[in-house]
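Colleague: Okay, sequence plus prediction incoming.
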Amino acid sequence: MKAHVLGAGVAGLCVAAELVARGCEVTVFDPAPRPGPHGCSWWAGGMLAPVCESETAEEPVFRLGHEAADWWDRQGVTVERRGTTVVALGRDRRELDRFARRTRGHEWLDADGLAALEPDLAGRFDRALHVPSEAHLDPRAALLHLRDRLERDGVSFIAEPGRPEGLTFDCRGLAARDVLPDLRGVKGEMAVLRSADIRLSRPIRLLHPRIPLYIVPRADGLFMLGATQIESDDRRRSVRSVLELLSAAYALHPAFGEAELVEIGADARPAFPENLPRVIRLGDTFYVNGLFRHGFLLAPALARMAAEAALDGTTPEFCHEDHS
Ligand SMILES: Cc1cc2nc3c(=O)[nH]c(=O)nc-3n(C[C@H](O)[C@H](O)[C@H](O)COP(=O)(O)OP(=O)(O)OC[C@H]3O[C@@H](n4cnc5c(N)ncnc54)[C@H](O)[C@@H]3O)c2cc1C
């Protein structure tokens, strides 16, 4: 069966991979020829953190998010499975208790336990939470790997918007607002730092009542620092947000004060009102959208559901039939 995919962000690439796995002949349309800064997916932290996200997200994020690490592994993407560690500064200690009450699958660490996991944080926090089941990946490397692999598997990539006829999967992210009026943008700002003075083995979340921060280690001494969550679809990087992100990194470890500021970025996450994704069917077109904070976490499950709906006639969770 022939299928068309609009958009080569994380949603479109995951859908294309699921369709190819089911024997479809797939063409992907995206005016940008390769994954890059034009797409929201480029700016992600790459955390596959269903437990931590369940502090504020609905139950399906927790359940379906558990598919993600294995799925990315199967695509040949490097997935780091070292868990997530959660800390809070002295004045925000109650945030750690609140976080523990609202999540499951974590274990408490004392100062020695934290030092054993992350030696560079030794002596900085007297307790922490650790979620051993979580994982992370480098989102840019994952997107580029998946795109190249799909091309090798025979998928055609056309550098045009495309208005195909027949079975179509619309994964245009926020650009699909022309058809999906309740899709909105939620701005996320991030920074990339480089430091040879600190080593972290896993994402660290620093709880804070206003701006919870995470730091995701990447190769070559790079750290992705994220992320704000602002009800806006503008992509400006505000001084306030950058100050808050950098201050939080400095509070986590003063070595970040000497780090090189490599990049500051922002994009608007596509989100529906309930902050859950949707598969929407309108005639021959399936819309896969609203991945919000969970593009890399939920796109594998959404892509599977969309492919099953189109090819097997199932009704996926998050399905909105003929919604308009
Ligand atoms: C700072 C930040 C941190 C984040 N961290 C994480 C994280 O740690 N873990 C996680 O899981 N998620 C994270 N996210 C969320 C994740 O990035 C998004 O949910 C995800 O990128 C949405 O992907 P998408 O494919 O729907 O949209 P996009 O990535 O925006 O892709 C849409 C694509 O559609 C293309 N397009 C536009 N118009 C057309 C057209 N007319 N025809 C064809 N193609 C078109 C665009 O060029 C683009 O390539 C983060 C987001 C931000 C901003």
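Modeller: Received, thanks.
Colleague: ok, how many other residues are close to residue 112?
Modeller: Residue 112: 10 surrounding residues under other CB atoms under 10 Å. C-betas here are computed from N, CA, C, even on glycine.
Colleague: gap between the helix or strand hosting residue 85 and the chain center?
Modeller: For residue 85, the element it lies in under DSSP states H and E is strand 84-88. On the basis of CA atoms, centre = their mean, to the nearest Å, strand 84-88 sits 18 Å off its chain's mean C-alpha point.
Colleague: can you check stretch 306-319 too?
Modeller: On CA atoms, centre = their mean, the centre of stretch 306-319 falls 23 Å from that of its chain.
Colleague: go on, stretch 111-119?
Modeller: 27 Å.
Colleague: now it: mean pLDDT?
Modeller: For stretch 111-119, mean pLDDT rounds to 98.
Colleague: got any ranges where the protein has weak pLDDT?
Modeller: 319-324 (pLDDT under 70).
Colleague: Tell me which residue in it sits closest to the ligand.
Modeller: residue 9 (2.1 Å; CB to the nearest ligand atom).
Colleague: That residue is in contact with residue 37, isn't it?
Modeller: No - in this structure, residue 9 is not within contact of residue 37 by CB atoms under 8 Å, at 11.7 Å.
Colleague: ok, the two, which is more surrounded?
Modeller: residue 9 (26 against 13).
Colleague: ok, which stretches of the stretch 151-300 of the chain are strands?
Modeller: Here the stretch 151-300 of the chain has its strands, by DSSP state E, counting those that start in this stretch, at 156-158, 168-170, 184-194, 204-207, 213-217, 222-226, 260-271, 278-282, 285-289.
Colleague: close to the ligand, is the strand holding residue 85?
Modeller: No - remark: strand 84-88 sits outside contact range of the ligand, by CB under 6 Å from any ligand atom, the gap being at least 10.6 Å.
Colleague: Beyond that strand, next helix or strand please.
Modeller: Counting by DSSP H and E, what follows strand 84-88 is helix 93-102.
Colleague: Keeping just the C-alphas, turn that following helix into PDB.
Modeller: Provided in PDB are the C-alpha atoms of helix 93-102 (Å, rounded to 0.1, in the frame of the first residue of the first chain):
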ATOM      1  CA  ARG A  93      13.300  20.400  49.700                       C
ATOM      2  CA  ARG A  94       9.600  20.000  50.100                       C
ATOM      3  CA  GLU A  95       9.400  19.800  46.300                       C
ATOM      4  CA  LEU A  96      11.300  16.500  46.500                       C
ATOM      5  CA  ASP A  97       8.700  15.100  48.900                       C
ATOM      6  CA  ARG A  98       5.900  16.300  46.700                       C
ATOM      7  CA  PHE A  99       7.500  14.800  43.600                       C
ATOM      8  CA  ALA A 100       7.900  11.500  45.400                       C
ATOM      9  CA  ARG A 101       4.200  11.400  46.400                       C
ATOM     10  CA  ARG A 102       3.100  12.100  42.900                       C
END
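Colleague: before we move on, back to that, the strand holding residue 85 pairs with which strands, parallel or anti?
Modeller: strand 127-131 (antiparallel), strand 204-207 (parallel) (DSSP bridges).
Colleague: next one: the first one to chain centre, how far?
Modeller: Its chain's average C-alpha position is 22 Å from that of strand 127-131, according to CA atoms, centre = their mean.
Colleague: Could you dump the strands paired with strand 84-88 into a markdown table with mean neighbour count and distance to the ligand added?
Modeller: As requested, those are arranged in a markdown table below (neighbours: other CB atoms under 10 Å; distance: least, CB to the nearest ligand atom, whole Å):
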| stretch | mean neighbour count | distance to the ligand |
| --- | --- | --- |
| strand 127-131 | 21 | 14 |
| strand 204-207 | 22 | 11 |
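Colleague: Could you dump the ones you listed into CSV with distance to residue 265 added?
Modeller: Putting those into CSV (distance: least, CB to CB, whole Å) gives the following:
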stretch, distance to residue 265
strand 127-131, 26
strand 204-207, 19
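Colleague: looking at these, which is closest to residue 187?
Modeller: Closest to residue 187 of the strands paired with strand 84-88 is strand 204-207 (CB to CB; 19.7 Å).
Colleague: Tabulate the CA atom coordinates of the longest helix along the chain in PDB.
Modeller: When the chain is parsed with DSSP state H, its longest helix is helix 295-312. Written as PDB, here are the backbone C-alpha positions of helix 295-312 (Å, rounded to 0.1, in the frame of the first residue of the first chain):
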ATOM      1  CA  GLY A 295       7.700  14.000  21.200                       C
ATOM      2  CA  PHE A 296      10.400  11.400  21.600                       C
ATOM      3  CA  LEU A 297       8.500   9.700  24.400                       C
ATOM      4  CA  LEU A 298       5.100   9.300  22.800                       C
ATOM      5  CA  ALA A 299       5.700   9.400  19.000                       C
ATOM      6  CA  PRO A 300       6.600   5.700  18.800                       C
ATOM      7  CA  ALA A 301       3.300   4.700  20.500                       C
ATOM      8  CA  LEU A 302       1.300   7.300  18.500                       C
ATOM      9  CA  ALA A 303       2.900   6.100  15.200                       C
ATOM     10  CA  ARG A 304       2.000   2.500  16.000                       C
ATOM     11  CA  MET A 305      -1.600   3.400  16.800                       C
ATOM     12  CA  ALA A 306      -1.900   5.500  13.600                       C
ATOM     13  CA  ALA A 307      -0.500   2.700  11.400                       C
ATOM     14  CA  GLU A 308      -2.700   0.100  13.100                       C
ATOM     15  CA  ALA A 309      -5.800   2.400  12.600                       C
ATOM     16  CA  ALA A 310      -5.000   3.000   8.900                       C
ATOM     17  CA  LEU A 311      -4.000  -0.600   8.000                       C
ATOM     18  CA  ASP A 312      -5.900  -2.800  10.400                       C
END
